[in-house]
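Undergrad: Predicted model follows, preceded by the sequence.
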Amino acid sequence: MKVEPHDNEAWLIREAQKGDVSAFNTLVLHYQSTVYNVAYRIMGDPGVAADATQDAFISAYQSLNHFRGGSFRAWLTRIVTNACYDELRHRKRRPQSSLDELTEENESFDGLTSDVVGPEEHQQQVELVAAIERCLGELPAEQRIVAVMCDVEGYDYNEIADIVAVSLGTVKSRLSRARARLRDCLQGYRELLPLDYRLT
C-alpha cells in the first residue's frame, strides 16, 4: 500500500533521519512543487528557482537531524527562502521571466483576471501579470520575500516570522512597506488595472 506523505509525515521524517533515502525521497516528491513555487516567485527565473530547490533539498537532507518538529513545510520553506535571499544579495538582480512563463506558471493573481476573456482582454491580463512581477522584482529582497510569503503563498504572519527568523512586528512592517511600494509602482500601469485597483 502506498504511504501518503501528509498522513505519515512524522514517520517518514523519523525514517529519513535514520538514513532511509526512500523515505526522504517521498517527502521530496510531496513538497517539491511547494518549494519550487516559493523559489520561482521570489527569484522570477525558472532555472534559478530549480537550482535553489535542488540546493534546498540537499541542505535539508544534510540537516535533517536538526529538525526538531513543528511544520516541516515551514522548515523547508525557510531553507529555500534563505537560499534565495543569499542569491539575491549576491547578484542584486531583477527577475527575468518571459510573458509566456508568467501566464503559464503564475497563479498568484487570480483575483485580477478572468477565465473567460477575448484575445484583447487576454493580452491585457498577460501585460498586467508581467507588470506585477516587474514591480515585485523592484522591491528590496526583505520586502519581496514577505510579500511572496503572505500575498502569493498564503502563509500567515506567524509562519512568515518563523521562516525568515524575524519578529512579528518586523513582518508586518516589511509587508506594509512592500504593499505600499507595489501599489505605487502599479499606478504606472493604471490602464492595465481593474477600476477598483486604480488610485484617483
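TA: That came in fine, so what should we check first?
Undergrad: any idea of the mean pLDDT for the biggest helix by length in the chain?
TA: In the chain, taking DSSP state H as the definition, the longest helix is helix 21-43. If you average the pLDDT over helix 21-43, you get 92.
Undergrad: In space, not sequence, find me the middle residue of this structure.
TA: Val38 (2.4 Å; C-alpha atoms, centre = their mean).
Undergrad: ok, now which ones touch that one?
TA: Val38 makes contact with 77, 80-81, 84, 148-149, 153 under the criterion C-beta atoms under 8 Å, 6 or more residues apart in numbering. To be clear about C-beta, it is placed using only N, CA and C from the backbone, and glycine gets the same treatment.
Undergrad: from the middle of its chain, how far away would the helix or strand that Ala50 is a member of be?
TA: In this structure, Ala50 is located in helix 46-62 according to DSSP states H and E. Chain-centre distance of helix 46-62: 13 Å, with C-alpha atoms, centre = their mean, to the nearest Å.
Undergrad: Put the alpha carbons of that helix into CSV.
TA: Extracted C-alpha coordinates of helix 46-62, given in CSV (Å, rounded to 0.1, in the frame of the first residue of the first chain):
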residue,chain,number,x,y,z
PRO,A,46,12.7,29.1,-13.6
GLY,A,47,16.4,28.0,-13.9
VAL,A,48,17.5,29.8,-10.7
ALA,A,49,14.4,28.5,-8.9
ALA,A,50,15.1,24.9,-9.9
ASP,A,51,18.7,25.3,-8.7
ALA,A,52,17.6,26.8,-5.4
THR,A,53,15.0,23.9,-5.0
GLN,A,54,17.7,21.3,-5.6
ASP,A,55,20.1,23.0,-3.2
ALA,A,56,17.4,23.3,-0.6
PHE,A,57,16.6,19.6,-0.6
ILE,A,58,20.3,18.7,-0.4
SER,A,59,20.7,21.1,2.5
ALA,A,60,17.5,19.7,4.1
TYR,A,61,18.8,16.1,3.8
GLN,A,62,22.2,17.1,5.3
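Undergrad: what residues does it touch?
TA: By C-beta under 8 Å, 6+ apart, helix 46-62 touches 16, 24, 28, 32, 35-36, 39-40, 42-43, 75-76, 79-80, 83-84, 87, 97, 101, 105.
Undergrad: Thanks a lot, see you next time.
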